[in-house]
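In: Fold the following for me, if possible:
(2 chains)
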There are 2 protein chains.
Amino acid sequence: MKLTITELRVHDIRFPTSRELHGSDAMNLDPDYSAAYVVLSSDVGVDGHGFTFTIGRGNEVCAAAISAYVPLVVGRTLDLDDLGEFSRRLVNDSQLRWLGPEKGVAHMALAALVNAAFDLAGRVAGKPVWKLLSDYTPEQIVDLVDWRYLTDALTPSAALDLLKDRVSGKPGRELQLQREGYPAYTTTPGWLGYSDDLLVQLAREAVADGFGQIKLKVGSDLAADIRRMRLAREAVGPQVRIAVDANQRWDVEQAIDWMGHLTAYDPWWIEEPTSPDDILGHAAIRRAVAPVKVATGEHTHNRVMFKQLLAAQAIDVLQLDACRVGGVTENVAILLLAAAFEVPVCPHAGGVGLCELVQHLAMFDFVAVSGSTEGRVIEYVDHLHEHFTDPVRIERGHYLAPTAPGMSARMQEQTLADYAYPAGRIWR
Amino acid sequence: MKLTITELRVHDIRFPTSRELHGSDAMNLDPDYSAAYVVLSSDVGVDGHGFTFTIGRGNEVCAAAISAYVPLVVGRTLDLDDLGEFSRRLVNDSQLRWLGPEKGVAHMALAALVNAAFDLAGRVAGKPVWKLLSDYTPEQIVDLVDWRYLTDALTPSAALDLLKDRVSGKPGRELQLQREGYPAYTTTPGWLGYSDDLLVQLAREAVADGFGQIKLKVGSDLAADIRRMRLAREAVGPQVRIAVDANQRWDVEQAIDWMGHLTAYDPWWIEEPTSPDDILGHAAIRRAVAPVKVATGEHTHNRVMFKQLLAAQAIDVLQLDACRVGGVTENVAILLLAAAFEVPVCPHAGGVGLCELVQHLAMFDFVAVSGSTEGRVIEYVDHLHEHFTDPVRIERGHYLAPTAPGMSARMQEQTLADYAYPAGRIWR
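Out: Model prediction:
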C-alpha cells in the first residue's frame, strides 16, 4: 500500500531528569532525557510517531537534522510494502550523506524518521510493529536491509536461508511470547548518583519483582565500585546476575585492571568498557576478562561497526539501540548479523521511550530471526513511561508483548505541550 | 597568554559547484561545496576564523551544532598556551557528548571551533599555524592531545620520546620547507563528470605544472574506469603516479575484483575502496591488492578509528582531514600515531578551504613529527582559493609555506556576504 506524507512536525522534548540524578553514570553525569520527536502525517488520515533520544543539550541539533530531510519526505510517496526504499532514500541523499556517513546526529535524525514510518505502517496494518515484522516473509525482511558493506560477512541469500529455517517455528514462538512475555533486566538500582541504601533497597525490590538480572554503573571510583558491587551481591544473592557498565570510561589496559578487582563478586558482563569505536580494543578486553562477558552497542553507530565487532569476536552480547543507528531497517540488518554470528542481542533501553521501541525489535528477533530468548534480556528502567500512550507493561521481570498498533512511540499530547523546550510549562 | 572570547558568529556559506560538476565522484554526484564558518572575537581585538566543510544540504545542521557550543565558548577564557584544554572542554560536555561521541555533525562543528582557536592563536603570536606548532616544545605538543583511548597503541611518554628525537633536525627541515615547499598532487583532472578530452588535457597540464602525481575518481562504471585510466596513463607517461579514488563505492570483494582490472595501468593507491568505518575490510583489501597501496581517512571520524586502521595494518597512506575530526588538537594525535606506526600522512584536501587548512598540518608534521616528506603529498584541487584572504600558493607541484599569521582559514568579507545561504546574492 502506498500513501503520501503530507506533513512532518518536529518537537524538541526534554525532561529535567538531571535534577534527581536519574540516569547518572561515569560519563553521563547529569542527563536531561530528551527526544527529538517527529510526527509524520499522511493522506490516509493516519499519523506515524518516532523520535531519536539524546540527553539534553544538542537535542535541537537533532531536530534541525530531522528538518533537513523534509524535502525527501513531505509530499513524497511512502510505500508501506517497501520501507527499505524509504530508508535508503534518506541514507543515500548525495549531499546529506557527507554529514555522517551513517553516523552521529544525521543518522540519529534518520532513525526518528524511519521509526516513525514503521509506526505509521503498524497503525495502518492494525498491528504492533513486532507483529508486523514477524508476519513479513523472509524475502520481505531481506529487502528491508541496505546490504552495502555487509556482503563479506553475510550475503542476502545466506540471510534468506537463515530466515527460512525459522519460519516453521514462528507460530509456536509467537504463542510463547504472548503467554510469557520477553525477559528483562533492570538498571533502576545501579545509577552512580544513588546512595548505598537506595542501591540495596532497589536491588532487593528488583529481585522481589522477578528480575533475574540487575545492572550497576561503575568506572568513577574503584573503591566505591568494589563496595557497591559487594552490597549488590549481598542484596540479590548468588543466583541473580549482576552486569556492570562503565559507559566508555576506560582505556583498554585500565578496563582489564579494573575488572580484575570486581571478579570476586561475579559480574555477568562488562558493558561499554572503552570507546564504542574501539573494535580491536573490545576484542583485547574480551580475551582478558573472560569468562566475564563483554557487551556493547548503544553507541555503535551503524551496521558496519557491528559487523566488525562480530567478525573480530569482540563481544559476547550485542546491545542495539533503537535510535542510534538508522532505525528499524538498519536494526533488522544488525539482528540478522547477530543471528548469523550466533551472538545474543540484549537491547539498550532506558532513557525516554527506548524501552517502548526496542521491545518490538527484540520480540521480532525472537519470533522470526534468532528464534531464541536464551541469554537474551531487554534492559528496563522504570522512568518516564507515563508519558506514552502505549507504555511498556512489565510483569514478573518480563516485557509483555504490545497489542496496540504501531511502535509504542507516541507521547501523550499533554507531554508534547508541557515538556517542549524551551517554551513548555516545565521549562518556563 | 589568556584572553576572553567575547562573541561567536556562525555563517552558512555555500558555493554552487554542482552546476559544473566540479567535485563529482561515484558517491558525491552533485556537491555544492560549503562551509559552516565561525568567527571567534576576543577581548584583545584579534579574531579567529575556522570552519567545517560539507557538500551542501545539511550545512545548516553543522551551523546549529556550532551554536550548541556557545555556552562553552563565549564569555569564557581561552588560554592560548593550553589549547588542549579548550578542545577537551568541548569534547567532554556531558550532554553534547551523546550526539557523537566524537563523530559526525557534532564533531565536525567542534573542528570549526578548535581550528578557529588555533587561527586566533597564530594571529596573536604573529605566526602561521604550522610555525606556531613547530615552535612548541615536545611537552607542549603532547599536552594538546586527548590521550583517552590511545594508550594501548601509543603512550604520552612514547610520543614525547618520538618528538624529542626530532628536535635537533627542526631548523634544517624548516629551511628546506621554506626553500622547496611541500609536495602536492592534483585531483583536478579526474572528476567523474569531466569528459575524456578534458581529462587528458588536464592530466597533461598537471604534468607540465610539475605535479608528480594525479588522481582519478573511479567506481561508477568499470569499462569507463579502464578507458579513463588508460587515457590518463598515456597522457602522463609511466613516471607520474596515478592514484584512484572510489569514494566508498564498493563492498570488500567488489573492491578487490575491480582493482584487478586496473592494475595494468599501474595505480599508485586505491583511496576509500569501501565504508570508512570498515577497518577490517580495508585490511582485507590491502592484503589482496598489494603492491597497490590502500589509502583512507577523509571520512575517518576520530583518532580511535585511525588507531585501529594503523594497528590492523589496514592502510599504507593516512589521509587526515582538517575538519572531519576534532580540529588541530585531534589531528596532532593522529600525526603522532602515524609517525609511531611509520605510515605516511597525505592529507585530504580540495572542497573549499581544505587545502588552506591542511597545509599547516602537513608542514608541522614534516618539521616536528615525522621529519620526512618521503611518500608524502598534500592533495591539491584548483577551486575556490580566491575566496580566502591568504590562499594557498602552488609552485612546481609544491605548496609554498604560508607566511601570514593564522591558519589561512579566513574568507573574504565579500564572499561571506555573497555566498551566504540562502540570503546571499548568489543564492537569491
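
In: Enumerate the residues of the stretch 301-428 of chain A near chain B.
Out: Residues of the stretch 301-428 of chain A lying close to chain B by Cβ under 8 Å from any Cβ of the partner chain are A:301-302, A:304-305, A:307-308, A:311-312. To be clear about C-beta, it is placed using only N, CA and C from the backbone, and glycine gets the same treatment.

In: On the C-terminal side of the top helix by length along chain A, identify the next helix or strand.
Out: Ranked by residue count, the top helix of chain A under DSSP state H comes out as helix A:104-125. For helix A:104-125, the succeeding helix or strand toward the C-terminus, using DSSP states H and E, is helix A:129-134.

In: From the contact counts, what lies against that following helix?
Out: Judged by 3 or more Cβ pairs under 8 Å, 6 or more residues apart in numbering or on different chains; DSSP states H and E, helix A:129-134 is in contact with helix A:104-125, helix A:170-180, helix A:327-340, helix A:354-364.

In: From what I see, A:Thr6 and A:Arg76 are in contact.
Out: No: the criterion here is Cβ atoms under 8 Å, and A:Thr6 misses it with A:Arg76 at 10.1 Å.

In: any shared contact partners between the two?
Out: Contact criterion Cβ atoms under 8 Å, 6 or more residues apart in numbering or on different chains; residues shared by A:Thr6 and A:Arg76: none found.

In: residues near the residue in the stretch 51-200 of chain A positioned nearest to chain B, how many?
Out: Closest approach between the stretch 51-200 of chain A and chain B, counting by Cβ to the nearest Cβ: A:Gly104, at 1.5 Å. Residues lying near A:Gly104 (other Cβ atoms under 10 Å in any protein chain shown) number 28.

In: Give me the residue at the spatial middle of chain A.
Out: With distances taken as Cα atoms, centre = their mean, A:Asp321 lies nearest the centre of chain A, 2.5 Å away.

In: Now do the same contact list for it.
Out: Contacts of A:Asp321 (Cβ under 8 Å, 6+ apart): A:53, A:297-300, A:347-348, A:354, A:358.

In: switch the cut-off to 6 Å
Out: Residues near A:Asp321 by Cβ atoms under 6 Å, 6 or more residues apart in numbering or on different chains: A:298, A:348.

In: before we move on, back to that, now tabulate the helices and strands packed on helix A:129-134 in TSV and tack on distance to B:Val129 and mean pLDDT.
Out: Shown next, in TSV, are these (distance: least, Cβ to Cβ, whole Å; pLDDT from 0 to 100):
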stretch	distance to B:Val129	mean pLDDT
helix A:104-125	26	98
helix A:170-180	60	98
helix A:327-340	39	98
helix A:354-364	43	98
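
In: With distance to B:Met229 as extra columns, can I get the ones you listed in JSON lines?
Out: JSON lines is the format used below for the helices and strands packed on helix A:129-134 (distance: least, Cβ to Cβ, whole Å):
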{"stretch": "helix A:104-125", "distance to B:Met229": "33"}
{"stretch": "helix A:170-180", "distance to B:Met229": "51"}
{"stretch": "helix A:327-340", "distance to B:Met229": "34"}
{"stretch": "helix A:354-364", "distance to B:Met229": "45"}
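
In: Around chain B, pick out the residues from the stretch 1-150 of chain A.
Out: Taking Cβ under 6 Å from any Cβ of the partner chain as the contact definition, the stretch 1-150 of chain A meets chain B at A:28-30, A:54-58, A:61, A:64-65, A:68, A:94-96, A:98-100, A:103-106, A:149.

In: Could you turn the buried ones of those residues into a ChimeraX selection?
Out: A single ChimeraX command is used to select the members of the residues of the stretch 1-150 of chain A next to chain B judged buried by 16 or more other Cβ atoms under 10 Å in any protein chain shown:
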select /A:28,29,54,55,56,57,58,61,64,65,68,94,95,96,98,99,100,103,104,105,106,149
